[in-house]
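> Compute the structure for the input listed below.
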Amino acid sequence: MEIKAIKTEKDYRKALDRLKTIFHADEDTPNGDEAEVLSILIEKYEDENFPIGMPDPIEAIKFRMEQMGMNQKDLAEVVGFTSRVSEILNRKRKLTLNMIRKLSDALQIPTEVLVQEY
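Predicted coordinates:
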């Protein structure tokens, strides 16, 4: 088992190929230990080189509504009038601080997502 830091795209591809080969190795075996270490190194490289930004606030609201089986009328109970919900979802009205707090609590969306510009 030769493990080294992943510093380049070539190192990254090589580590991925090796991990594919030993991915289903049993725990507490040399290959199992190698797979665990490689996955940590790969994750670190990906976090540094392929960061995933936060989602758009309106898309996050729509996604959570879909997950929770909510419609605009249900969301109106959280933020106010149905027409206001429609304006928000169509990006014609900005979220207020009060709306952000209510949406965060009701939909379990982090406030960091909801306060972003859109």
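
> CA atoms for contacts and neighbours, from now on please.
OK.

> Any regions of the chain where pLDDT drops low?
1 (pLDDT under 70).

> Mind naming the longest helix for the protein?
Criterion DSSP state H: the longest helix present in the chain is helix 30-49.

> what does that helix contact?
With contacts defined as CA atoms under 8 Å, 6 or more residues apart in numbering, helix 30-49 is touched by 1, 3, 5-7, 12, 15-16, 19, 22-27.

> Surely Tyr12 and Lys4 touch.
No. The pair Tyr12 and Lys4 does not pass the contact test of CA atoms under 8 Å, sitting 10.6 Å apart.

> Tell me which of these two has more neighbours.
Tyr12 (18 against 11; other CA atoms under 10 Å).

> what ranges do the strands span in this structure?
For the chain, strands defined by DSSP state E do not occur.

> Roughly how far does Lys14 sit from Lys20?
Applying CA to CA, to the nearest Å, the value for Lys14 to Lys20 is 10 Å.

> Ok, Thr29 next?
Plainly put, Thr29 is 16 Å away from Lys20 if you go by CA to CA.

> where exactly do the helices run in the chain?
9-22, 30-49, 57-68, 72-79, 82-89, 97-107, 111-114.

> Show me the contact partners of the third one.
When you say that, I think you mean helix 57-68. Helix 57-68 is contacted from outside by Asn71, Leu75, Ile88, Leu89, Arg91, Leu107, Ile109, Val113, Leu114, Val115, Gln116, Tyr118, using CA under 8 Å, 6+ apart.

> residue contacts, the fifth one?
Arg91 makes contact with Ile58 under the criterion CA under 8 Å, 6+ apart.

> Quick check: chain neighbours aside, which residue is closest to His24?
Gly32 (7.7 Å; CA to CA, 6 or more residues apart in numbering).
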